[in-house]
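Participant: Fold the following, please.
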Amino acid sequence: MRECLRFVGVPPNLEITSMADIPAGTGLGSSGSFTTALLKALHCHRKALVNPQQLAEEACHIELDVLREPIGKQDQFIAAYGGITCFEFARDAPVKAYALRISDETLFNLEDNLLLFFTGYSRSASLILKEQDEKSKERDRAMTDNLHFVKELGYRSKDALEAGDLIEFGRLMDVHWQRKKQRSENMSNPDIDRWYATAMANGAVGGKLIGAGGGGFLMFYAADKVRLRHAMRELGLREVRFRFDFEGTKVLASD
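Facilitator: Okay, the predicted model is just below:
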C-alpha cells in the first residue's frame, strides 16, 4: 500500500479500507487483484484515467520491481482486464492481451462445469515461487523442462477451448497438475492428494490446485458435477460458487 501511494503520488493522509470475499494466501491471485484495485482507486482519487494495460503494468512494477516478489505477471493482467483472455509474455516486450475465440455455448458450459473447493489451507506463495525462481535462474534442467512443458499445455488448452472440446480441456488440467507437483515437494500434501483422487473417481475429468500450490483451492472440470459435489461435501470441503467477470478492475462509485 505504501509503495502504491508513493508511485501514484498520493499523500498518506486518507483512510483506505479493503474488503474481500476470499482469504489471502489461497492461490486466487489476491495480491495482484489487491494491487490493481488499489492503484485504480488512487488514480480515480487523482481524477486520472488509466487503461487496463497501463494498470497491469504498474501493478507488476510495484510487485516485481519494487517489492521484489518472486511472482509472474498473469494475476495482475487478468485482474485488470477480466474476461476469458489470452496473454503472451515476452522477456523484453510488453504483454499482449487478446480475447479467446470461444463460442457462447462453450463459455456457458465451461462456467457451469468448473467447480471450486476450498481445502482449508492458506499459505504464502513466496516460499514455493522462490524455489521455482531460483532453480530457473540456475538453469536447472528439470525445472526449465517442466515450465516449457506447461507453456505448451497453455497453447493446447487454448486450442481445446476454441474448438469447444471441454473434455480435452479438463484432461489437460490433470496433465498440468501432475507435472506441476514435480516442481516442489511443498506443492501438495497427503490430504490434497486424497481429495484430488476422490474427485477424479467421482465425476471430475481433471483439475488442479490453483496458484503456487501448498493449499488454497482445488478446481475441477466435471463431467458429473452433482456426483462431484456430493463426494467433496462428504470429505468436508466447501464449494465456492463463482461466475466469470468480463469487466476487470473497475470503480463502482466515486465522488
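Participant: quick one, what contacts residue 177?
Facilitator: Neighbouring residues of residue 177 by CB atoms under 8 Å, 6 or more residues apart in numbering: 196, 206, 207, 208, 209. Backbone N, C-alpha and C define where each C-beta goes, glycine included.
Participant: Distance of it relative to residue 188?
Facilitator: Note on residue 177: its distance to residue 188, by CB to CB, to the nearest Å, is 9 Å.
Participant: hey, what's in contact with both of the two?
Facilitator: 196, 209.
Participant: circling back: could you dump the contacts of residue 177 to CSV with neighbour count and pLDDT?
Facilitator: Compiled in CSV, these are given as follows (neighbours: other CB atoms under 10 Å; pLDDT from 0 to 100):
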residue, neighbour count, pLDDT
196, 23, 96
206, 24, 98
207, 25, 97
208, 23, 94
209, 24, 91
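Participant: Of those, which belong to helices?
Facilitator: Mapping the contacts of residue 177 onto helices (DSSP state H) picks out residue 196.
Participant: out of the contacts of residue 177, which one sits closest to residue 13?
Facilitator: Checking those against residue 13 by CB to CB gives residue 209 as the nearest, at 41.5 Å.
Participant: what's the closest non-adjacent residue to the closest one?
Facilitator: Counting by CB to CB, 6 or more residues apart in numbering, residue 218 is the residue found nearest to residue 209 once chain neighbours are left out, at 5.7 Å.
Participant: My read is that the one you found contacts residue 194, right?
Facilitator: No - shown here, residue 218 and residue 194 do not form a contact pair, counting by CB atoms under 8 Å, at 11.3 Å.
Participant: Just want to know which of the two has more residues nearby.
Facilitator: Neighbour totals were compared for residue 218 and residue 194, and residue 218 leads with 23 against 11 (other CB atoms under 10 Å).
Participant: so that one bridges to which residues?
Facilitator: residue 117, residue 209 (DSSP bridges).
Participant: For residue 86, see how far away it is.
Facilitator: Separation of residue 218 from residue 86 (CB to CB) stands at 24 Å.
Participant: And for residue 216?
Facilitator: With CB to CB as the criterion, residue 216 and residue 86 are 24 Å apart.
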